[in-house]
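*Asks:* Here's my sequence, what's the structure:
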Amino acid sequence: MSEDYVEGNFLGLPVQGENVDIVVLQLPYELTTSYGQGTAQGPAACVAASGQVELFDEALGQDLPAGASIYTAPEWDGEGKNLGEQLDNICGYLQPWYSGDCFPIALGGEHGILPPLVLAAQHHPLVDGDLNRLTVVQIDAHADLREELGGEAYSHACAAGRSLDLGIGRLLQVGIRAYSKQEAELIQSDERITTFFARDTQSPTRGKEAWNQWLKTLQTLSGPIHLTLDIDGLDGSLVPATGTPVPGGLSFWQVIETIEAVFAAPKATVISADVNEIVAQEGTPLTQFAAAMLATKAIGAHLKARKEGRWSPHGHVLGRNRTPSESTFFRDSVN
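*Replies:* All right, here's what the predicted structure looks like:
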């Protein structure tokens, strides 16, 4: 921990000036969890744990912030009397950070944050209102393609499905090992979905071939990308406190390889990322520390892409003080 450590800031880094290169957004959202609880406390626990993460990024070859300004914004206020209002409130909180002048990374909170995040992303200059241009890369144990769970179409278990309904052009999934028959049929029938199942990438006999194919697929990506990282995509032994830990998942280094490959795709631009389903672990900070390390790697990979010309700012520089926008989409859509 450095002498200029700032409590409450991601990595403990002081903010440099009023301009923002990278913004860390905290979404303590937990309204449709169906198993373990505690994701509402996850973002703050992740920020606290990040103070112990080493600042040196080997791929970047520098200590963070590497000359960039990393701003930890005040967390989402959690307002909303019902699910629709809360989702709209999340969208409004996120939207001002999709102006193209900075890189937003969100910490969640349950995976139900994904649809409002996608809706906010339509305002990014590279998306320009056409979500068909946007590819979502999903690291997850669950397909999250259900029509509903417990009667709720905007459950965390439906996050990827609702993002497809919003109009994203492509969905790439890895680590998937818990899904329903309906989801399996959708994966087979919807040409927008490409899924690499954990049974293949983690196989003792054919895993290396499947994993290399996943990395090659990422290199073919083009256009704007959002990376959504549900930490239960990792093996449950690495993140035991997450909402729904599942054995048989990705290793830590496979997730690192995935993050680096997405940001290194020569024809793609990662416009944003999120790390979600973080739960504060009692007795050991392993779960929240793993999440903090992966969020840090995403920041380092973004800075490397910026350095190598795969990301450049768009639009006006708006600074740290941004007014949340208004959204009524979800309150009009949620039953």
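*Asks:* Now for the closest residue in space to Glu79 that isn't next to it in sequence: which residues touch it?
*Replies:* Of all residues not flanking Glu79 in the chain, Asn89 sits nearest, at 5.3 Å (CB to CB, 6 or more residues apart in numbering). Any C-beta I mention is one placed from the backbone N, CA and C, and that applies to glycine too. By CB atoms under 8 Å, 6 or more residues apart in numbering, the contact list for Asn89 reads Trp76, Asp77, Gly78, Glu79, Gly80, Pro324, Ser327.
*Asks:* before we move on, which element is the first one in?
*Replies:* When you say that, I think you mean Trp76. Assignment of secondary structure by DSSP states H and E places Trp76 within no helix or strand.
*Asks:* how about low-confidence regions in the chain?
*Replies:* For the chain, the stretches flagged by pLDDT under 70 are 1-3, 32-39, 335.
*Asks:* In which helix or strand does the most centrally placed residue in it reside?
*Replies:* Compute the mean C-alpha point of the chain, and by CA atoms, centre = their mean the closest residue is Asp274, 1.9 Å away. Secondary structure from DSSP H and E places Asp274 in strand 267-276.
*Asks:* and the next element down the chain from that strand?
*Replies:* Next element after strand 267-276 (DSSP H and E): helix 286-307.
*Asks:* Report the distance from the following helix or strand past that following helix to the chain centre.
*Replies:* Once helix 286-307 ends, the next helix or strand along the chain (criterion: DSSP H and E) is helix 329-333. In this view, helix 329-333 has its centroid 23 Å away from the chain centroid, taken as CA atoms, centre = their mean, to the nearest Å.
*Asks:* next one: stretch 78-97
*Replies:* The answer for stretch 78-97 is 17 Å, by CA atoms, centre = their mean.
*Asks:* buried residues in that stretch?
*Replies:* Under the neighbour-count criterion of 16 or more other CB atoms under 10 Å, stretch 78-97 has 78, 80, 83-97 buried.
*Asks:* now swap in stretch 178-188 and tell me
*Replies:* For stretch 178-188, using 16+ other CB under 10 Å, the buried residues are Ala178, Tyr179, Glu183, Leu186, Ile187.
*Asks:* before we move on, back to that, what separation is there between the residue nearest to Glu79 and Leu64?
*Replies:* With distances taken as CB to CB, to the nearest Å, Asn89 is found 30 Å from Leu64.
*Asks:* can you tell me which two in the contacts of Asn89 are farthest apart?
*Replies:* The span of those, defined through CB to CB, is set by Gly78 and Ser327 at 15.5 Å.
*Asks:* Could you tell me how far the residue nearest to Glu79 is located from Gly100?
*Replies:* Relative to Gly100, and taking CB to CB, Asn89 is found at 23 Å.
*Asks:* Ok, Glu209 next?
*Replies:* Taking CB to CB, one finds Glu209 at 38 Å from Gly100.
*Asks:* What of Gln41?
*Replies:* Distance from Gln41 to Gly100, by CB to CB: 32 Å.
*Asks:* Mind checking which of these two has more residues around it?
*Replies:* Set Gln41 next to Gly100 and count neighbours by other CB atoms under 10 Å: Gly100 wins out with 19 against 16.
*Asks:* where does the closest residue to the more buried one other than its chain neighbours sit relative to Leu60, distance-wise?
*Replies:* Counting by CB to CB, 6+ apart, Gly100 lies nearest to His314, which is 3.2 Å off, once chain neighbours are set aside. From His314 over to Leu60 the distance is 22 Å, taken as CB to CB.
*Asks:* So these two - more neighbours on which side?
*Replies:* Leu60 (19 against 14).
*Asks:* Would you mind giving the secondary structure of that one?
*Replies:* Classification of Leu60 by DSSP: H, G, I helix; E, B strand; the rest coil places it in coil.
*Asks:* from memory it sits against Ala66, does it?
*Replies:* Yes - assessed by CB atoms under 8 Å, Leu60 is found in contact with Ala66 at 6.1 Å.
*Asks:* Quickly name whichever of the contacts of Asn89 is closest to Leu303.
*Replies:* Of the contacts of Asn89, the one sitting nearest to Leu303 (CB to CB) turns out to be Trp76, at 24.8 Å.
*Asks:* Mind telling me what element the residue nearest to Glu79 is part of?
*Replies:* Using DSSP H and E, Asn89 maps to helix 83-94.
*Asks:* With Ile105 instead?
*Replies:* strand 103-108.
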